[in-house]
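>>> pasting the sequence and the predicted model now:
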Amino acid sequence: MTSDTEYLIAAAIEGAEEIHNPLDGLVERAAADPGAPFEVLQRLAALKKDDRAAFEALRAHLKNVGCRVTALDEAIAEESGDPGRRRPTQADILIELFHSPDGTGFADLDIDAHRETWVIRSKGFRRWLARRYFEATHGAPSSEALQSALNVIEAKAHFDAPERVVHIRVGGLDDRLYLDLGDKAWRAVEISAAGWRVIANPPVRFRRAAGMQPLPAPVAGGSVETLRSFLNVRSDTDFVLVVAWALAVLRTRGPYPVLALSGEQGSAKSTFSAILRALLDPNTAPLRALPREDRDLFIAATNGHLLAFDNVSGLPAWISDTLCRLATGGGFAVRQLYTDQEEVLFDAARPVILNGIEDIVARPDLADRAVFLTLGPIPEDRRRPEQELWAAFEKERPRILGALLDAAVYGLKMLPQTRLDKLPRMADFALWATACETAFWPAGTFWTAFCGNRDEAIEEVLDADPIATAVRAIMTSRTQWTGTASDLLGTLGEVAGEAQRKARTWPDSPRALAGRLRRAATFLRRIGIEISFRREGRARARTIRISAVPENVGARPSASSAPISKTNGGKDFTADTSRTVGNDADSCSDDHWAGAVLPVRANPLKSNHLPASDDADANITHVSGREKTMPPARGCR
């Protein structure tokens, strides 16, 4: 090549204009002008044909800056001469994928301007995917294609997507509680120390299980006393415990005390349970039979926040232990169906309601995690038709729920400064109830009711245990007993008598006796009997020592670290510390159930902030309402 030719080529190159790729900077231009991608349809169609991976990456970036990618897909299809094919794969339909800590894949879907969260393997998501595929292609996917798409989607959710916690009905984030209303718009109630409000697209993820029913939108300005007219409670202290238990259900974590209801036929135990279930976690099957194995209980706990078991006649040992774990939080592991090695894991706590004619909780470990209520019979002239009762409840349900939310707001504000001198077994529940109580009642109301209920539970459980009863009998005439388990088994047998020794509940070996003593030791200690196990002598023989401890060892701890203030015109608050078991425990047992207002003794549950109980909740600050003044804390520091 001559030098003149080289010079001419170099000059031509230098004088030529630089040619830019029209796709460079397209994302930035689309952020400012959503119509920019539609101006380069030919280049986008060519990129889609020549380099599909690069096209999909560019399409994802365009979607993130607000480009209408569905319309863009249609325009590209028309440009390439294939208008019938807009979105070629099922995987392109998804909005956002993620997985839960146990590895379950989820998809967030934008539907009608709100977010819905679905399990990828659920029937609902499968139907939604098939419908969207039909909308995109005007055809039905084959079963093989749909299954392949689900496999790929699930793999992406597990390996390529973030991890998020998924809740059912109640969730929490950053010192805020969220209550899923379960409606078609997937709204939730946000509860904070500043107030509560109904919001769309809450920051926590909820899933919807089969049978879940919607809650009504709560209404501010209601009174928790309205709930009392729908529940067959026999005393003020029982009602305090019911409200405290209901407030615990609104928390996203346990412990949740088991609510154990007992009473004769016709005491409205099932209605009592169904009312609480409808108020807090409504379901198409609100009351269920007690499960027969761990797997059934695991499934129920996975698909509902509140569990209610109806007409329980007895608790087997295995389910009593399982309910203990469910109350305070514990793990469950069951083998996955059709596999030899895979397990399905569940680690959470759930509130539980049990109702039955008899005192169904007999084991001390479960009794220590329970709240006991005995419902009285309802006279025939005080009964209400079920249809009338439920119609009245549905009318009041939004305001009752609003009143509970008011108390939860107050509890979130007071909880950081709430203290108890001594913590009971269900410490977090006691602290939460104490933090919330002064939204309704004077300080110390809950603690008095709770301690009285626990004292009654101790007596009932010990009376139902033949070993504990025999131990109490031998310690009535002595202050100490020491010996081996074999010796003690013989001594207790002499006290109990032949009929008791032959009963199935009597331990058949010294080892079984030691286990029964360890189980009853906590409750025996509270009535002044201490049991210890030790090895003594050179032979290190195992001995059991039973001692009568001073009465003040098991004394009840005080309600809070500050004295209770006098309220209601300077009158001291005095609550009935006994649980209503006997027929004479409360003379106005059925009046609240009948909805009547009678001139009975002054109500110790009357608000310590307002003169009328109907306005007991009006001092709670609402985001949803007018500005109100938060009452000062009482009895806590």
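That came through fine. Numbering: from 1, shown residues only.
>>> any stretches of the chain with poor pLDDT?
Residues of the chain meeting the criterion pLDDT under 70: 1-20, 82-95, 331-344, 346, 537-540, 550-637.
>>> spatially central residue for this structure, please.
By C-alpha atoms, centre = their mean, the chain has its centre lying nearest to residue 305, at 4.5 Å.
>>> state whether that residue is indeed within a helix.
No - note on residue 305: no helix contains this position according to DSSP: H, G, I helix; E, B strand; the rest coil, which reports coil.
>>> quick check: buried residues in the helix or strand harbouring residue 493?
Per DSSP states H and E: residue 493 is located in helix 485-496. Residues of helix 485-496 classed as buried: 485, 488-489, 492-493, 496 (neighbour count, 16 or more other C-beta atoms under 10 Å). Where C-beta positions appear, they are placed from N, C-alpha and C, glycine not excepted.
>>> grab the nearest non-local neighbour of residue 305.
Of all residues not flanking residue 305 in the chain, residue 169 sits nearest, at 3.7 Å (C-beta to C-beta, 6 or more residues apart in numbering).
>>> so that neighbour touches residue 212, yeah?
Yes - in terms of C-beta atoms under 8 Å, residue 169 counts as a neighbour of residue 212; the distance is 7.5 Å.
>>> who's more crowded, the two?
More crowded of residue 169 and residue 212, by other C-beta atoms under 10 Å: residue 169, with 26 against 20.
>>> show me the contacts for that one.
179-180, 182, 206, 212, 281, 304-306 (C-beta atoms under 8 Å, 6 or more residues apart in numbering).
>>> just the helices in the stretch 301-450 of the chain please.
Per DSSP state H, counting those that start in this stretch, the stretch 301-450 of the chain carries helices over the ranges 317-328, 364-367, 386-414, 427-437, 445-464.
>>> and what of the stretch 451-600 of the chain?
Counting by DSSP H, counting those that start in this stretch, the helices of the stretch 451-600 of the chain are 466-474, 485-496, 498-501, 510-526, 591-594.
>>> buried residues in the third one?
So that's helix 498-501. Those buried within helix 498-501 under the rule 16+ other C-beta under 10 Å are 500-501.
>>> mind listing residues that contact that helix?
Contacts of helix 498-501 (C-beta under 8 Å, 6+ apart): 466, 470, 493, 506.
>>> again, but for the fourth one
Defining contact as C-beta under 8 Å, 6+ apart, one finds that helix 510-526 is touched by 363-365, 367-368, 458, 461-462, 465, 467-468, 471-472, 484-486, 488-489, 492, 507, 530-531, 533, 544, 549, 553-554.
>>> quick one: buried residues of that helix?
By neighbour count on 16+ other C-beta under 10 Å, the buried set for helix 510-526 is 510, 513-514, 516-517, 520-521, 523-524, 526.
>>> which one among those residues gets closest to residue 39?
residue 523 (79.8 Å; C-beta to C-beta).
>>> tell me how far that closest one lies from residue 181.
From residue 523 across to residue 181, the span is 41 Å (C-beta to C-beta, to the nearest Å).
>>> re earlier: what is the helix holding residue 493 packed up against?
helix 466-474, strand 480-483, helix 510-526, strand 541-548 (3 or more C-beta pairs under 8 Å, 6 or more residues apart in numbering; DSSP states H and E).
>>> out of these, which comes closest to residue 81?
helix 510-526 (78.8 Å).
>>> now do the closest one and helix 445-464, the angle between them.
150 degrees (axes from the mean of the first three to the mean of the last three C-alpha atoms, to 10 degrees).
>>> off-centre distance for helix 510-526?
Helix 510-526 has its C-alpha centroid displaced from the chain centroid by 32 Å (C-alpha atoms, centre = their mean, to the nearest Å).
>>> now stretch 409-420
Put simply, stretch 409-420 sits 19 Å off its chain's centre (C-alpha atoms, centre = their mean).
>>> output that stretch as CSV, nothing but the C-alphas.
Below are the C-alpha coordinates for stretch 409-420, written out as CSV (Å, rounded to 0.1, in the frame of the first residue of the first chain):
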residue,chain,number,x,y,z
VAL,A,409,-50.5,0.9,72.0
TYR,A,410,-50.3,1.8,75.6
GLY,A,411,-48.4,-1.5,76.4
LEU,A,412,-45.8,-0.8,73.8
LYS,A,413,-45.2,2.6,75.3
MET,A,414,-45.0,1.4,78.9
LEU,A,415,-43.2,-1.9,78.4
PRO,A,416,-39.6,-0.5,78.4
GLN,A,417,-40.2,0.9,81.9
THR,A,418,-42.3,-1.9,83.4
ARG,A,419,-40.7,-3.9,86.1
LEU,A,420,-41.8,-6.7,88.4
